[in-house]
Each structure stands twice: as C-alpha cells, then as structure tokens.
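Undergrad: predicted model, plus sequence, below.
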Amino acid sequence: MSEIDFRRINLNLLPALRALLHERGVSAAARRMGVTQSAMSHSLAKLRELFDDPLLVPSGRALVPTPRGEELMAALPEALDRLRTVLEGDERFDPRTARRSFTVAALDYFELTTLPTLWRYLQRHAPGIDLQVERVGRESLARLGAGELDLMLAGTSARIPMAGLRSRELYREPFEVIARPDHPRIRGRLDLDTYLELDHVLIRVDGAKEGLVDRMLHASGRRRRIALTVPHFVAAPLAVMQSDLVATVASGVAARARQLFGLRSYPPPLELPSATIAMWWPRAHEADPARRWLRGLFETGVAAPPSIRRAIREHARTLE
C-alpha cells in the first residue's frame with residue numbers, strides 16, 4: 001500500500017467515504033448525503049485514487065468493501081469525531097448557551113414516559129438544544145455504529161453485537177396491569193384467576209411471538225388470551241380505555257396511563273422480573289462534552305418524571 005500524501009486529502013471526502021462504505025452503493029450513498037449520483041461517483045473515484053484501493057468491489061449484484069475498505073469503515077466514526085473535536089476546539093459545553101442538535105433513536109416507551117418531562121427541562125435549562133427523535137428500526141444499529149445517532153434507548157432485550165459501542169443500564173421498572181376504572185370484572189385487587197380469564201393486549205416491539213408474562217405463565221402450565229397485539233406502547237392504554245381489555249406494562253407507562261387517560265393500575269397477580277431499560281452510544285462519542293451531558297440527563301434522571309426518577313434511585317441502590 002502506497003503512502004498517502006496528506007496534503008492531497010480533501011476533508012469533504014471523508015463523510016462521503018463513510019456513506020459509501022455504509023450504504024455499499026453509489027446511489028444510496030448519494031441519497032444519504034443529499035447529493036447527485038454523479039457527484040458521489042466523482043467522490044468515489046477521488047477516494048480510490050487517494051487510497052490506491054478500489055474500496056468497494058462487485059460481489060454478485062452488490063458491492064462489498066475491500067479489506068482496506070473494511071479497515072476504514074471501522075475507524076472512520078471515531079476518527080471523524082476526534083477531528084471535529086480538534087477543529088471546534090476544547091471549549092466547555094454550556095447547555096444554557098449552546099446551540100446543538102442531537103439525534104436519538106428510541107422506542108415510543110420513551111416518547112410516552114420521558115419525552116414530555118425532558119422537553120420541559122430543555123426549555124428551561126438548555127433552550128438552544130434541538131432533539132430529533134426517531135423510531136428504533138433495522139437501520140438504527142448501523143447508524144449508531146457509524147456515529148450518525150447520538151444515543152439509542154431501548155430495553156436490554158435488544159441485542160447489540162457490534163464493536164465500538166458503549167452501553168449502560170439505566171434503571172429497572174416493575175410491571176403493573178392497567179384497566180379502565182369501571183371494568184366490570186375487576187373489584188378491588190386483581191387475582192390470578194380473574195387475570196387469566198380477561199382478554200389481554202400484548203405490546204410486541206421486537207417481533208417475539210410471546211411476551212415475558214406468557215413465558216412466566218407457561219413455566220407454571222398456565223396461559224392467557226392475547227386478544228390484541230400492537231407494535232407501540234401508546235396503543236395499549238388507548239385500546240384499554242374503551243374496552244374490557246387489560247395490559248401488563250412497565251410502571252412508567254402505567255403512570256402515564258393514569259395521568260393521561262384516567263386508567264387504573266394493579267399489581268400483577270404473578271411474580272414478574274422488572275423491565276430493564278438501557279442506552280447505547282458510539283465509543284467515538286465517549287469524550288464529547290455535549291454528548292456526555294446528554295447521556296447524563298438519562299443516567300441521573302434529572303429530566304425524567306417522578307416515577308422514572310424513583311426507579312433510577314432504587315436501581316442505583318442495588319449497585320452500591
């Protein structure tokens with residue numbers, strides 16, 4: 001491999017290189033960067049000349065990175081982040097005066113339980129901070145590894161088999177059963193027999209055919225009827241409020257359901273492990289003061305509603 005003349009490097013080519021290696025195609029990389037296909041083809045030609053390597057080669061109908069391309073793909077996110085830090089200087093991040101945008105991928109659990117309180121906090125203490133919240137999806141993990149997301153929030157059932165990421169368990173939430181206040185079958189406490197006779201809502205966000213409750217019931221030879229399956233947390237209280245359905249949800253969701261929809265909640269009539277909530281971020285972002293501040297909002301619960309703050313405090317005590 002020939003030595004690179006750093007005087008020839010156009011820094012504008014590096015984001016294009018990251019897009020090309022991630023998308024593995026000129027057209028997709030062009031769409032990602034918001035440029036024409038011709039401009040991206042020109043960038044690829046320049047990059048191949050600069051690195052004296054084809055970087056992407058045909059394999060069937062697809063393009064795959066060469067060994068040099070794989071090496072660059074692994075190193076680029078951290079390198080670009082360090083370069084940005086050097087170019088912007090080592091100034092301290094002051095959320096009161098900063099103007100910055102963060103992109104967070106999350107399940108709608110966070111939109112329902114945390115986002116309203118978080119946004120009120122930002123308005124008061126960091127008015128120049130903008131948030132872009134997007135749904136966790138198939139592309140989220142790759143975008144996180146590429147440094148295009150600042151944070152990803154999900155349950156620990158999400159498997160993160162990728163080097164270059166950091167994670168932290170934030171807190172654990174017990175479950176509650178939500179139902180409309182005039183439910184004809186529930187009088188006082190909810191016993192197991194009544195619970196099993198009711199029709200249930202299952203929130204299925206990870207494609208699993210059954211939930212935690214069903215696995216726990218099957219272990220004891222019992223079953224419940226899943227009458228409705230929904231892909232979003234907010235859909236469960238909406239379905240429950242005008243029907244005889246019930247839903248077993250994390251306590252943060254139950255708290256919002258009581259507050260927003262006037263529902264009641266009950267302790268589950270079977271022993272369930274708490275839901276574990278975690279966040280992931282790129283290792284390349286570890287030292288960035290602004291992103292550290294953002295992660296701190298979730299780690300400490302400073303911008304979370306009381307139910308989440310209690311869960312964080314209780315979880316912290318279990319780690320002492």
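TA: Arrived safely, thanks for sending. Values in this document were obtained by computation on a predicted structure and should not be read as measured data. Residues are numbered from 1 along each chain as shown.

Undergrad: quickly note the distance from T114 to D150.
TA: T114 sits at a distance of 16 Å from D150 (criterion: CB to CB, to the nearest Å). For the C-beta atoms, the positions are set from N, CA and C on the backbone; glycine is no exception.

Undergrad: no no, E23
TA: The value you get for E23 to D150, if CB to CB is used, is 20 Å.

Undergrad: from the recorded domain assignment, give the ranges for the chain.
TA: The chain breaks down by automatic domain parsing into domains covering 6-88, 100-172+276-319, 175-272.

Undergrad: among the ones you listed, which comes closest to D94?
TA: domain 100-172+276-319 (9.1 Å; CB to CB).

Undergrad: could you give the mean pLDDT of that closest one?
TA: Mean pLDDT, domain 100-172+276-319: 85.

Undergrad: swap in stretch 214-229?
TA: 94.

Undergrad: gap between the two ends of it?
TA: End-to-end distance for stretch 214-229, by CA to CA, to the nearest Å: 13 Å.

Undergrad: output the domains of the chain as JSON lines; include the columns mean neighbour count and distance to D94.
TA: What follows is the domains of the chain, written out as JSON lines (neighbours: other CB atoms under 10 Å; distance: least, CB to CB, whole Å):
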{"stretch": "domain 6-88", "mean neighbour count": "15", "distance to D94": "14"}
{"stretch": "domain 100-172+276-319", "mean neighbour count": "17", "distance to D94": "9"}
{"stretch": "domain 175-272", "mean neighbour count": "17", "distance to D94": "30"}
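
Undergrad: need the contact partners of stretch 185-201.
TA: Residues from elsewhere that reach stretch 185-201 (CB atoms under 8 Å, 6 or more residues apart in numbering): 177, 179, 213, 217, 222-230, 235-236, 239-240, 244-248, 264, 266-270.

Undergrad: now do the strands in the stretch 151-300 of the chain.
TA: 151-155, 165-173, 175-179, 199-203, 225-230, 246-250, 264-266, 275-282 (DSSP state E, counting those that start in this stretch).

Undergrad: kindly export the longest one (C-alpha atoms) in PDB.
TA: What it means is strand 165-173. Backbone C-alpha positions of strand 165-173 (Å, rounded to 0.1, in the frame of the first residue of the first chain) are rendered in PDB as follows:
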ATOM      1  CA  LEU A 165     -20.400   0.700  21.100                       C
ATOM      2  CA  ARG A 166     -20.900   1.500  24.800                       C
ATOM      3  CA  SER A 167     -23.900   0.800  26.900                       C
ATOM      4  CA  ARG A 168     -25.300   1.400  30.300                       C
ATOM      5  CA  GLU A 169     -28.200   0.000  32.200                       C
ATOM      6  CA  LEU A 170     -30.300   3.000  33.400                       C
ATOM      7  CA  TYR A 171     -32.900   1.500  35.700                       C
ATOM      8  CA  ARG A 172     -35.400  -1.300  36.200                       C
ATOM      9  CA  GLU A 173     -39.100  -0.800  36.300                       C
END
